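In: need the 3D shape of this:
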Amino acid sequence: MRGWTPVIVGVTLLVLIVVGVFALVSAQQPTVARADDVAVFSPPLPGRRADVITGMLRREAGCTYLDGTDGRRWLVLFPDLGTRWDSESLWVADNRYWLERDVHLRGDIVKLPVEGYDTDVPAGCREPGFTFMVKI
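Out: Next comes the predicted model:
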């Protein structure tokens, strides 16, 4: 039995390390379903020059808006690559956008409907005139 002790200890440590790494990675990514209060579009924007807007991301009355530093409110359309919330941020694919903090979004300023794109805007979202399609 003494000859097997180093092997047993080594395998046990390896299993603990693998479980620990898995738990750490899992804690970084929220596991909730698609966010119902986030407007999305498809297909993603092609690689072209993009505008930049800055502001604070907010959740309000079943919608997600960006209150721009320029004083305008934007209905933000994110690419339909998977959207989910954790307690204080929005995940779009592997990109994280924090609530109530300044974020910088690249994309195109558009007016709905957008020709050539399928959009899904949550019911009841008030369109502030122009929307912003985010490029990831």
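
In: quick one: low-confidence parts of this protein?
Out: Applying pLDDT under 70 to the chain picks out residues 1-2, 6-34, 48, 127-128.

In: now do 90
Out: 1-35, 43-50, 61, 87, 111-114, 123-136 (pLDDT under 90).

In: give me the domain ranges for it.
Out: For the chain, automatic domain parsing gives the domain ranges 1-31, 39-134.

In: how much space between A123 and D37?
Out: Counting by C-beta to C-beta, to the nearest Å, the gap from A123 to D37 is 10 Å. All C-beta atoms are positioned from the backbone trio N, CA, C, and that covers glycine.

In: who's more crowded, these two?
Out: Ranked by neighbour count (other C-beta atoms under 10 Å), A123 and D37 place D37 first, with 17 against 7.

In: ok so the more buried one is a helix residue?
Out: No - according to DSSP: H, G, I helix; E, B strand; the rest coil, the state of D37 is coil, so it is not within a helix.

In: quick one on the thing from earlier: out of the domains of the chain, which one sits most buried?
Out: Of the domains of the chain, the one with the most neighbours on average (mean count of other C-beta atoms under 10 Å) is domain 39-134, at a mean of 15.

In: contacting residues around the residue nearest to A123 when sequence neighbours are not counted?
Out: Nearest-residue entry for A123: G62, 7.6 Å, with adjacent residues in sequence omitted and distances by C-beta to C-beta, 6 or more residues apart in numbering. For G62, the contact set (C-beta atoms under 8 Å, 6 or more residues apart in numbering) comprises 36-37, 122-125.

In: the protein: strands as residue ranges?
Out: Ranges of strands in the chain, per DSSP state E, are 39-42, 51-60, 63-68, 73-79, 83-85, 89-92, 95-98, 102-110, 118-120, 131-134.
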